[in-house]
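Asks: Okay, sequence plus prediction incoming.
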Amino acid sequence: MNSKTKTPEALAGATGAEKSEAGQLLKHDTSKRSRSAMSLYAKPGHKRAARMLGFSLTLGTSSGWSDFVTVASAWLTDAERAALAFSSLKSLSPQTAAETFNAAFAGTGWPVAVLGDPVAEASFWVDHARPEERCTYLVTIFNTLSKRDRLNFLEYVQEVAA
């Protein structure tokens, strides 16, 4: 073999493969996990909102999404939430986007216990109703109660509050 012939050992250097680029890469400690750009640079509120979005997507329940609303309202600015809403609506078909928008602003209507458990239906409605709707229905229902039922209701509320 002449001196111009390059063998793998010659390419790796006199001390072996550890001098090669691949050898150097293998020598680095790969047990340490590198931190993501999100963990390094994102604002704490953005991390919280992103984590809650993941939980809501995983759960897929009305209460999970209701909790996301609470977290997003607390940690994201109006502009950030508007951009999130805009992007979400743009990802939908025009029909679904319009239905979603209308559902968000038209309210949920009235509680309906067609089939099944009225308590479960009422709980589902409360999870989706806006605060103004809940208060309006509460006052209206209270005003239609008999005097005896009003007193029972007030007694119940005082026990719960205590």
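Replies: That came through, no problem. Residues are numbered from 1 along each chain as shown.
Asks: where's the residue nearest in space to the middle of the chain relative to residue 45, distance?
Replies: Within the chain, the residue whose C-alpha comes closest to the C-alpha centroid is residue 53; the distance, by CA atoms, centre = their mean, is 1.7 Å. Summarising the geometry, the distance separating residue 53 from residue 45, computed by CB to CB, to the nearest Å, is 12 Å. In this view, the C-beta of every residue, glycine as well, is placed from N, C-alpha and C.
Asks: now do residue 97
Replies: Distance check for residue 97 against residue 45: by CB to CB, it reads 27 Å.
Asks: Quickly list the domain ranges of the protein.
Replies: Per automatic domain parsing, the domain ranges recorded for the chain read 1-32, 109-162.
Asks: list the contacts for residue 124?
Replies: Contacts for residue 124 were tallied using CB atoms under 8 Å, 6 or more residues apart in numbering; they are residue 62.
Asks: Can you say which helix or strand has it in it?
Replies: Following DSSP states H and E, one finds residue 124 within helix 118-128.
Asks: So which bits of that helix are buried?
Replies: Judged by neighbour count (16 or more other CB atoms under 10 Å), helix 118-128 contains these buried residues: 124, 125.
Asks: and it, what's its mean pLDDT?
Replies: Averaged across helix 118-128, pLDDT comes to 81.
Asks: repeat for stretch 40-60
Replies: pLDDT averaged over stretch 40-60 equals 91, rounded to a whole number.
Asks: so how far is that stretch from its chain's centroid?
Replies: With CA atoms, centre = their mean, to the nearest Å as the basis, stretch 40-60 stands 6 Å off its chain's centre.
Asks: in that stretch, what counts as buried?
Replies: Under the neighbour-count rule (16+ other CB under 10 Å), stretch 40-60 has 48, 49, 52, 56 buried.
Asks: how deep is residue 61 tucked in, by neighbour count?
Replies: One way to gauge burial is a neighbour count; for residue 61, by other CB atoms under 10 Å, it gives 11.
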